[in-house]
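Visitor: coords please:
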Amino acid sequence: MSYAIGCDLGGTNLRVGVVDIENGTVVHLQSVPTLAREGYQAVIRRMVNLFNKVMVSCEFDYKDIYSVGIGAPGVLNLELGLVELMPNFYGGWHGVPLGKLISTEIGLPVHLINDVRAITFGEWKYGAGKGSSNMVCFAIGTGVGGGVIVNNNLVMGFNGTAGELGHTIINPNGPKCGCGNHGCLEAYASGPAIAAMGIKAVKQGRTTLIGEMVDFDLNRITPEIIASAAQEGDKIAKEIFTYVGSIIGIAAVNISLAIGPERIIIGGGVATAGDILLNPIKETILNRIFVMPKEKIQVVPAQLGNIAGILGSAMWAHKVF
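Guide: Numbers count the residues shown, from 1 in each chain. The predicted model follows:
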């Protein structure tokens, strides 16, 4: 049997699991808080401890584990195993040789991959994308990440940077994005962008449940609160999600016309809103595509939850080992 370790290095939680590559089973899973504010050295020490813990906890000889994959959010140099930048981590991790540092400690080859590319790979092989040869994944959360499968291969591009769907341009004259460009999908459809729309509605005194649900404490307004209001029939909240879904739909139309996906997977924390987000995406695709069989494009929620990144990073390590 083939085993690899997958690691999802998140800003909040650090998850590590041993994966049976043949059937996509996470044999042993451990999770601890990342505590990124402590700096990269402390986080790496925590990672090493977790890798060692899952290896010795296996019911088989841990020497059957051949490689480690780490899914990380940020700009990576896959060839050198370097983190060039993780902007949402304390200190930015500029030039941290993450792969080498971990490999030296645990004695296994370590391969890096962008976290959402890992999620895409996992969902394609074992989750909502299973059986498709062309697939797209959008992860809607604090930012908007993405990944693309074409002809049964994860598209990596220059050093793993292909698939940054959150930074495709919706409106060249739109709001400034955190990446420095203007009008990116992420500037319109990320969790903070959705929350800002709810805050604006409450500030303007519009009739909505959003304010009531947080006792008019604007700091407590989140995409989840707005989704709850929408599901209770709140007109303003429903308008927000219809608008966000239509914007994601435009991005989905553009990538669909480029690669002809059989499936578009919507994941990330915001995707838990369900049909109030998915339906406007589907409607936009049906209304905006005219030159391909749009009815064959399925828009579906992600299935694997927080193990998708573990599965995908383990698969990547196994593939490139």
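Visitor: wait, is Gly174 part of a helix?
Guide: No - counting by DSSP: H, G, I helix; E, B strand; the rest coil, Gly174 falls outside a helix, being coil.
Visitor: which residues touch Trp316?
Guide: Gly69, Gly71, His111, Ile113, Arg117, Ala118, Phe121, Leu154 (Cβ atoms under 8 Å, 6 or more residues apart in numbering). C-betas here are computed from N, CA, C, even on glycine.
Visitor: Val83 is in contact with Pro73, isn't it?
Guide: No - between Val83 and Pro73 there is no contact under Cβ atoms under 8 Å: 9.8 Å.
Visitor: ok, these two, which is more surrounded?
Guide: Val83 (25 against 22; other Cβ atoms under 10 Å).
Visitor: quick check: the gap between that one and Val116.
Guide: In this view, Val83 and Val116 are 16 Å apart by Cβ to Cβ, to the nearest Å.
Visitor: list the buried residues of stretch 28-40.
Guide: By neighbour count on 16 or more other Cβ atoms under 10 Å, the buried set for stretch 28-40 is His28, Leu29, Thr34, Ala36, Tyr40.
Visitor: how about stretch 136-152?
Guide: Neighbour-count burial for stretch 136-152 flags 136-150 (criterion: 16+ other Cβ under 10 Å).
Visitor: Val96 reaches Gly39, doesn't it?
Guide: No - using Cβ under 8 Å, Val96 makes no contact with Gly39, being 10.2 Å away.
Visitor: low-scoring stretches of the protein, by residue?
Guide: Low-confidence segments of the chain (pLDDT under 70): 1, 321.
Visitor: okay, now the domains of it?
Guide: Domain segmentation of the chain under automatic domain parsing yields 3-121+307-320, 132-302.
Visitor: which residues in the stretch 1-150 of the chain form strands?
Guide: For the stretch 1-150 of the chain, the strands defined by DSSP state E, counting those that start in this stretch occupy 3-9, 13-20, 25-33, 65-72, 75-77, 82-85, 110-114, 135-140, 144-150.
Visitor: so which of the ones you listed gets nearest Gly191?
Guide: Among the strands of the stretch 1-150 of the chain, strand 135-140 comes nearest to Gly191, with 7.2 Å by Cβ to Cβ.
Visitor: then that closest one to CSV, C-alphas only?
Guide: Provided in CSV are the C-alpha atoms of strand 135-140 (Å, rounded to 0.1, in the frame of the first residue of the first chain):
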residue,chain,number,x,y,z
MET,A,135,-12.9,20.7,-13.3
VAL,A,136,-12.7,24.1,-11.5
CYS,A,137,-12.6,24.8,-7.8
PHE,A,138,-13.4,28.1,-6.1
ALA,A,139,-12.7,28.4,-2.4
ILE,A,140,-14.6,31.4,-1.0
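Visitor: could you give the angle of that strand to strand 144-150?
Guide: 170 degrees (axes from the mean of the first three to the mean of the last three Cα atoms, to 10 degrees).
Visitor: tally of neighbours for the residue nearest to Cys137 when sequence neighbours are not counted?
Guide: Of all residues not flanking Cys137 in the chain, Thr120 sits nearest, at 4.0 Å (Cβ to Cβ, 6 or more residues apart in numbering). Thr120: 34 surrounding residues under other Cβ under 10 Å.
Visitor: residue contacts, Thr120?
Guide: Neighbour list for Thr120: Gly129, Met135, Cys137, Gly146, Gly147, Val148, Ile149, Leu154, Gly163, Ile265, Gly312 [criterion: Cβ under 8 Å, 6+ apart].
Visitor: what is the nearest of these to Pro280?
Guide: Scanning these for proximity to Pro280, where the rule is Cβ to Cβ, the winner is Ile265, at 16.3 Å.
Visitor: touching, Ser256 and Ile289? I think so.
Guide: Yes - here Ser256 reaches Ile289: they are 6.4 Å apart, a contact under Cβ under 8 Å.
Visitor: list the contacts for Ile310?
Guide: Gly6, Cys7, Asp8, Arg15, Val16, Gly17, Val19, Val26, Leu29, Gly71, Gly122.
Visitor: so what's the residue count around the residue nearest to the first one when sequence neighbours are not counted?
Guide: Put plainly, it is Gly6. Nearest non-adjacent residue to Gly6, counting by Cβ to Cβ, 6+ apart: Ala314, 3.2 Å away. Ala314: 35 surrounding residues under other Cβ under 10 Å.
Visitor: quick one: distance of the host helix or strand of Ala314 to the chain centre.
Guide: Ala314 is part of helix 308-320, with elements assigned from DSSP states H and E. Its chain's C-alpha centre and that of helix 308-320 lie 14 Å apart, by Cα atoms, centre = their mean, to the nearest Å.
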